[in-house]
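Q: Following is a predicted model, sequence given first.
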Amino acid sequence: QLQLVESGGGLVQPGGSLRLSCAASGFTLDYYAIGWFRQAPGKEREKVSCISTSGGTTNYADSVKGRFTISRDNAKNTVYLQVNSLKLEDTAVYYCAAVRAYLSDYCPRSYEYDYWGQGTQVTVSS
């Protein structure tokens with residue numbers, strides 16, 4: 001059974017940092033592109049970042065550029081999202097998602113993802 005499990009969320013003050021993890025079980029992430037999404041209460045889900053299977057292609061939403069960094073460790077079957085300089089508006093449930101990718105440097109569009117985790121809450125509050 002393919003599963004993605006997010007962890008690392010929590011309560012943090014503005015300006016703080018967290019490292020979110022997305023661990024896969026039941027399959028190897030080597031052949032999957034991974035995206036991170038978030039959804040705040042009353043708002044639509046937003047794509048935050050993605051990383052290709054090779055790790056050579058990454059992209060970020062304008063709202064997080066320069067503050068968030070996505071990376072992958074295929075040996076640990078895990079993808080990370082380092083979130084720095086957190087702002088109040090970063091408060092949301094963060095989800096990771098995966099899709100089998102046949103191009104090593106392709107970062108999928110939001111609608112292409114097949115597998116989703118259950119999310120981890122990030123709350124930024126003073």
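A: Everything's here; your move.
Q: so what's the most centrally placed residue in the chain up against?
A: Relative to the mean C-alpha position of the chain, the nearest C-alpha, by CA atoms, centre = their mean, is the one of residue 36, at 2.5 Å. By CB atoms under 8 Å, 6 or more residues apart in numbering, the contact list for residue 36 reads 20, 22, 47-50, 70, 79, 81, 94-97. In this view, the C-beta of every residue, glycine as well, is placed from N, C-alpha and C.
Q: And for residue 98?
A: 2, 4, 24, 29, 32, 33, 34, 35, 113, 114, 115.
Q: do residue 32 as well
A: Applying CB under 8 Å, 6+ apart to residue 32 gives the contacts 24, 53, 98, 99, 100, 101, 115.
Q: and if we set it to 6 Å?
A: Taking CB atoms under 6 Å, 6 or more residues apart in numbering as the criterion, residue 32 is in contact with 98, 100.
Q: Look up which residues are beta-bridged to it.
A: residue 100 (DSSP bridges).
Q: ok, the contacts of residue 98 vs residue 15, which is closest?
A: residue 35 (25.7 Å; CB to CB).
Q: Good, we can wrap up now.
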